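A.B. asks: next input, structure requested:
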Amino acid sequence: MYKLILTLVFAVCFSSDVSYFSWNQEQKLQWEDFKGEANHNIDAVAVTASGITFSYGIQKSSTKGIVGFKTEAFAHFYPSILGIRKN
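C.D. replies: Down below sits the predicted model:
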């Protein structure tokens, strides 16, 4: 299982054409969001692939030093990486 997760992380990180959408409080995951192929060899009903990106910025003043700091974090869902198990 560890190797599968590691492989998925590398696949997502180094693939520029992977579709995803960012987390939104108003948009809950639906069964239709899972676009990957069904895997009949797992016990889970659904498996997700997700990632988090983080950025930050520092605003400096020549006389006052650091005067501002801003951070952003985004959670992403990758619908085509893994799919649901269909019975």
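A.B. asks: give me the element the spatially closest residue to Gln59 that is not a sequence neighbour is part of.
C.D. replies: Spatial nearest neighbour of Gln59, chain neighbours left out: Gly68 (3.2 Å); criterion: CB to CB, 6 or more residues apart in numbering. Any C-beta I mention is one placed from the backbone N, CA and C, and that applies to glycine too. Per DSSP states H and E, Gly68 falls inside strand 65-77.
A.B. asks: who touches that strand?
C.D. replies: 20-23, 29, 33, 48-61 (CB atoms under 8 Å, 6 or more residues apart in numbering).
A.B. asks: any stretches of the protein with poor pLDDT?
C.D. replies: Residues of the chain meeting the criterion pLDDT under 70: 1-18, 46, 81-87.
A.B. asks: and the strands in it?
C.D. replies: For the chain, strands defined by DSSP state E occupy the ranges 21-22, 50-61, 65-77.
A.B. asks: using a markdown table, lay out those strands together with distance to Asn41.
C.D. replies: Converted to a markdown table, the strands of the chain look like this (distance: least, CB to CB, whole Å):
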| stretch | distance to Asn41 |
| --- | --- |
| strand 21-22 | 27 |
| strand 50-61 | 21 |
| strand 65-77 | 23 |
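A.B. asks: tabulate those (a markdown table), appending mean neighbour count.
C.D. replies: Output for these, formatted as a markdown table (neighbours: other CB atoms under 10 Å):
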| stretch | mean neighbour count |
| --- | --- |
| strand 21-22 | 11 |
| strand 50-61 | 10 |
| strand 65-77 | 11 |
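A.B. asks: parallel or antiparallel, list what pairs with the strand holding Gly68.
C.D. replies: strand 21-22 (antiparallel), strand 50-61 (antiparallel) (DSSP bridges).
A.B. asks: dump those strands into a markdown table; add distance to Phe74 as well.
C.D. replies: Shown next, in a markdown table, are these (distance: least, CB to CB, whole Å):
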| stretch | distance to Phe74 |
| --- | --- |
| strand 21-22 | 5 |
| strand 50-61 | 5 |
